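*Asks:* based on what follows, work out the 3D shape:
(2 chains)
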Amino acid sequence: MNEARIPDRHYLNADFSVWSWFFTTDHKRIAILYLISITLFFFVGGAAAVLFRLELMTPPGDLVISETYNKLFTMHGVIMVWFFLIPSIPAVMGNFLLPMMVGARDVAFPRLNLLSWYVFMVGGVFTITVMVTGGVDTGWTFYTPYSSTYANTHVMTTAVGIFIVGFSSILTGINFIVTTHTMRAPGLTWFRLPLFVWAQYATSLVMVLATPVLAITLALIAVERGLGVGIFDPALGGDPVLFQHLFWFYSHPAVYIMLLPAMGVVSELITSFSRKRIFGYSFIAFSSVAIAIFGFLVWGHHMFVSGQSMYAGMVFSFMSMLVAIPSAIKVFNWTATLYKGSISWDTPMMYALGFIGLFTLGGLTGVFLATLAVDVHVHDTYFVVAHFHYIMVGGAVMGYMGGLHFWWPKMTGRMYPEGWGRFAAIIIFVGFNLTFFPQFVLGYLGMPRRYHVYPEEFQVLNVMSSAGASILGVGYLIPLGYMIWSLRYGKVAGPNCWGAKGLEWQTPSPPPTHNFEQTPVVTEEAYDYSIPEASPG
Amino acid sequence: MEWTDVGVRPTEGFAMSSLLAHHFDDLEQQYDAASLGMWTFLVTEVLFFGGLFTGYAVYRFAYPLGFAEGSLHLDVALGTVNTTVLLLSSLTMALAVHGAQTGHRRALVGLLTATILLGCVFLAIKLFEYHDKFEHHLVPGHAFMLDHPELKGVDPRHVELYYLFYFVMTSLHALHMVIGVVAVGILTVFSAQGRYSPQYHTPIEMIGLYWHFVDIVWVFLFPLLYLIDVQT
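*Replies:* Residues are numbered from 1 along each chain as shown, chains lettered A, B, ... in the order given. Below is the predicted model:
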């Protein structure tokens, strides 16, 4: 037995005072601050989902009234998108790992990094206070005229909160781009970088290029509301479709802010748990960049029925299908990596395999939706809801959970309980599919999204979905429990418990404040599993 | 290990340890990071203003008459003076960076001060213009009123949209100017204290980049807002 030991001095016990956390510039501590905050936000957003899934158990609106229902799904969307999914992998795992993966002592701008957390918290606390005490009923998309002419809820204050939080992702994006360019260790060329870094880099490009447009769009909404003028109000000469163009110019690429990092995580997991060099390294690396670029050219597929020109619709339809190419390249390469690998079924790998299946389903239904004629039929139905949950939950959240389990021993120095881990992964997979697969059927049969009263023939499918949601909820609570448990009672992990490649595994677990005693020198490609690392401890 | 292959980062002999943050290997790396960071930030700024320029373009093509009418109520002379003032301030800023590179501390402090003064002149003229629009009820909102339209058949609502973009774009630009003036102010104090040398003057170059960017935004705003051709 390999007797692993936690080092005497590491980033967690370097200093115990409260201020050493709130004024830290250590990227690892900032990652922990983010981890705690987004976990909190995740369960707030989840609670809203529990309430409206309960409401949807029965056809009539008997649990909540329409206004409350509208506020609930808006709250769920706003919190999950801006306060959980977008910061999830970049701000937690990116912050923790990116500097270590490139062999640096910290990100390029550590104080800016801390500032981004404060900006995030100000925006988050502000928005959630507004949503819980007043509420917004526009849906997370803030479409005009719901958010302008007919708004009677707290649109302006919510917009301000999201405006603020946008700057936190801009700052993170700038930090990661600069860190990847300027802080790489000697010998760590671009094509020796872990694929997680490539994915983070592509994500950061999207964050930096798309978020400012959302900021100015929300600012215009706030000006419209504040001054009572009609930027987006046709009665006053404005154009409501312009809002949709500006909004989706951000919000479609934002989907890739959520998904690309998860793809990066899965690339790491597949190769680690297959004990095999990744298949098609450069294809995976470039497909991340390709997705980031194509992502900017497809926003119009959200507007096929909004009165944009037919020709614009055709171009956007074609461009949207192009996104399927780099996505499929990734899936094929992951599958090819598994082929003849020596696969082990640890929890992170189960999430990674779950990701591949669910993402493929979500991606393929995306191709249905990119097809003009099909979209006209299923637009604004539960088919769309199911599609993007397969991407955002089946993809992004599965990737996040897999990554969290994979690097948990690195972050805390202790293992989570493996049996419970696998159990929760299965519960989440089953619960997820039971929740969202019936929604594909519901949507195909014509049930529109965002309605809380529905005809009786839809009840069976809705009950299935709600039952699945409760299983999914339990599935998320189990890891919360055993992860906290493991902080004290988990088995000591040792520096490289998976026998994985990558500079982060060459540091002790948990790593010291400055990561490396000496700047590492890299002499080999990533994922060279032909030379085994120290055996799993 | 193949040391020859990977090379060793050059260390600057005169690197002052207090100027080098702990996580960088040398001043050159620190400078590269700051520079790339600033350029990336400026890209986000381009996108930020880009949303407004898109909106402007959409409505100007939709309502050419309203935009021409709105433009007629602006004072082209004041706009021209302000453009000149800003371009001059860019010159003084560029010379200030040169002063920092060559180690002329007095020139540096003087030129930074000149940049601040020119920035303030710009803001003062802008404020005067805003006041004038306020007096004539041309600020969008409930008090907006177009008393004597100069063009026939113009819809006051379209003129209001023009003024909306005028105020949002120029006030956002002015906000950037205020931030720039404060930043240059801090640099002036630090320069007078002798914090910068030909070896280390990264903040001056970075704020210089920012200042030029804010100038360039105005170079686009001026013709788009003030110089709309009424004949077409």
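
*Asks:* ok, A:R53 - contacts?
*Replies:* A:S465, A:S466, A:A469, A:S470 (C-beta atoms under 8 Å, 6 or more residues apart in numbering or on different chains). Backbone N, C-alpha and C define where each C-beta goes, glycine included.

*Asks:* redo that, cut-off 6 Å
*Replies:* A:S466, A:A469 (C-beta atoms under 6 Å, 6 or more residues apart in numbering or on different chains).

*Asks:* how near is it to chain B?
*Replies:* 36 Å (C-beta to the nearest C-beta, to the nearest Å).

*Asks:* how about A:D380?
*Replies:* Distance from A:D380 to chain B, by C-beta to the nearest C-beta: 25 Å.

*Asks:* which residues does that residue contact?
*Replies:* By C-beta under 6 Å, 6+ apart, the neighbours of A:D380 are A:P448, A:R449.

*Asks:* with B:L118 instead?
*Replies:* B:V85, B:L88, B:S89.

*Asks:* low-confidence ranges in the chain?
*Replies:* In the absence of a named chain, this looks at chain A. A:1-3, A:532-537 (pLDDT under 70).

*Asks:* think we crossed wires, I meant chain B
*Replies:* B:1-17, B:231-232.

*Asks:* again, 50 this time
*Replies:* For chain B, the stretches with pLDDT under 50 are B:1-16.

*Asks:* mind listing the helices for it?
*Replies:* With DSSP state H as the criterion, chain B has helices at B:3-6, B:27-62, B:64-72, B:76-102, B:105-135, B:156-192, B:202-226.

*Asks:* distance between the longest one and the chain's centre?
*Replies:* This means helix B:156-192. Distance of helix B:156-192 from the chain centroid (C-alpha atoms, centre = their mean, to the nearest Å) equals 7 Å.

*Asks:* now do that helix: which elements does it pack against?
*Replies:* helix B:27-62, helix B:64-72, helix B:105-135, helix B:202-226 (3 or more C-beta pairs under 6 Å, 6 or more residues apart in numbering or on different chains; DSSP states H and E).

*Asks:* who's in contact with A:H387?
*Replies:* A:G362, A:T365, A:G366, A:L369.

*Asks:* element containing the residue nearest to the first one when sequence neighbours are not counted, please.
*Replies:* To tie it back to what came earlier, the one meant is A:G362. With C-beta to C-beta, 6 or more residues apart in numbering or on different chains as the criterion, A:G362 has its nearest non-adjacent residue at 2.9 Å, and that residue is A:Y390. Using DSSP states H and E, A:Y390 falls within helix A:382-391.

*Asks:* then A:Y444?
*Replies:* helix A:418-445.

*Asks:* measure B:I186 to chain A for me?
*Replies:* 16 Å.

*Asks:* could you find the closest non-adjacent residue to A:L33?
*Replies:* A:W117 (5.3 Å).

*Asks:* the helix or strand encompassing the one you found vs helix B:27-62, what angle?
*Replies:* Under the criterion of DSSP H and E, A:W117 resides in helix A:110-133. Put simply, helix A:110-133 runs at 40 degrees to helix B:27-62, going by axes from the mean of the first three to the mean of the last three C-alpha atoms, to 10 degrees.

*Asks:* following helix A:110-133 in sequence, what is the next regular element?
*Replies:* helix A:155-182.

*Asks:* what distance do you get for the residue nearest to B:V121 when sequence neighbours are not counted to B:A124?
*Replies:* Using C-beta to C-beta, 6+ apart and skipping residues adjacent in sequence, the residue nearest B:V121 is B:V85, 5.2 Å away. With distances taken as C-beta to C-beta, to the nearest Å, B:V85 is found 10 Å from B:A124.

*Asks:* now do A:G468
*Replies:* 64 Å.

*Asks:* between the two, who's got more neighbours?
*Replies:* A:G468 (21 against 12; other C-beta atoms under 10 Å in any protein chain shown).

*Asks:* flag every buried residue along the strand or helix carrying that one.
*Replies:* Under the criterion of DSSP H and E, A:G468 resides in helix A:459-489. Neighbour counts over helix A:459-489 (16 or more other C-beta atoms under 10 Å in any protein chain shown) mark A:461-462, A:464-469, A:471-473, A:475-476, A:478-479, A:482-483, A:486 as buried.

*Asks:* which bits of chain A sit near chain B?
*Replies:* A:105-106, A:108, A:170, A:174, A:177-178, A:181-182, A:186-187, A:208-209, A:212-213, A:216-217, A:227-229, A:236-237, A:242, A:246, A:521, A:523 (C-beta under 6 Å from any C-beta of the partner chain).
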